[in-house]
Every structure is written in C-alpha cells, then in structure tokens.
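Student: 3D model of this:
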Amino acid sequence: MMYDWQTSLRTDDSCAARILPPVTVGETGWDILLALHSDRHWRLSPRKLAAMVSVPNGTIDRWLGALEERKLITGTRNPSSDELLAVLTETGGGLLDRYFSATKDLQAGAQS
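Tutor: Prediction:
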C-alpha cells in the first residue's frame, strides 16, 4: 500500500538495497528505523518520528518514501483516528533483529 511520501531519496541499485545492512540507509534513515523498532507496535506518526529524530517534516517525508521503497516500512491509517502511520515491516524488523543479533558482542562491550 503506497502512500504519498516524497521519494526523492532513491537507491540506484534495487538489488543491493535489499541485501545491504540498515546502516547504509544513512543516519536519519537509521534513526527512523530504530525509533519504529523501539515502539511496541512498530508504528508511529510521521510527525512523532520527525520530533524523535529531530528533522523537519519535509525531511521525514522524503526518508519515509526512501525506506518504503526499500520495503523496510509501509504506511497505514489508524482505524480510529484516520491518522497516517509509518509501520516497520516484517522485512525491516527482521533486518534490525539480525543486525542487533550480529552485533550483540559489540553492544555488550560498549556497555562495559
């Protein structure tokens, strides 16, 4: 389900985009994925995401388009409020879970 995000940030090689680790999406994209992953339901409004990652609303819209193009997020509507929500997909959540699992030794070392 495609929503009207701006999609000016595009990856030229769609094959590479599917297999590269999430850190290659850029700092803002990574922050968005982390914010969504930290939410209990893996879904947040674009405006809340913009506030969480400290970027303007126009910037968040471009990044949401780029992340949706890579199938890491999707858009949906809240059934009770009709508010647009960015949702971490199973692909995006699985990618982050695998990344966290692969880097758990580094994370443990950073906490010592």
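
Student: How confident is the prediction for the residue nearest in space to the middle of the chain, by pLDDT?
Tutor: Centroid check for the chain by CA atoms, centre = their mean gives Leu33 as the closest residue, at 3.1 Å. On pLDDT, Leu33 comes in at 94.

Student: In this structure it contacts Ala66, no?
Tutor: No - Leu33 lies out of contact with Ala66 (CB atoms under 8 Å); the separation is 11.3 Å. C-beta coordinates here come from the backbone N, C-alpha and C atoms, glycine included.

Student: I'd assumed Asp61 was in contact with Ile32.
Tutor: No - contact status for Ile32 versus Asp61: not in contact, 11.2 Å apart, counting by CB under 8 Å.

Student: Looking at the two, which has the bigger crowd around it?
Tutor: Applying other CB atoms under 10 Å to Ile32 and Asp61 shows that Ile32 carries more neighbours, namely 29 against 19.

Student: roughly how far apart are that one and Gly58?
Tutor: 14 Å (CB to CB, to the nearest Å).

Student: Please apply the same query to Ser81.
Tutor: 23 Å.

Student: Same check on Thr91?
Tutor: For Thr91, the distance to Gly58 - CB to CB - is 26 Å.

Student: out of these two, which sits in the busier spot?
Tutor: It is Thr91, of Thr91 and Gly58, that has more neighbours when counted by other CB under 10 Å, with 14 against 10.

Student: all strands of the chain, in order?
Tutor: Ranges of strands within the chain are 43-44, 73-77, 84-88, based on DSSP state E.

Student: Which elements pack onto the last one?
Tutor: So that's strand 84-88. helix 27-38, strand 43-44, helix 46-53, strand 73-77 (3 or more CB pairs under 8 Å, 6 or more residues apart in numbering; DSSP states H and E).

Student: mind redoing it with 10 Å?
Tutor: helix 27-38, strand 43-44, helix 46-53, helix 57-69, strand 73-77, helix 90-102 (3 or more CB pairs under 10 Å, 6 or more residues apart in numbering; DSSP states H and E).
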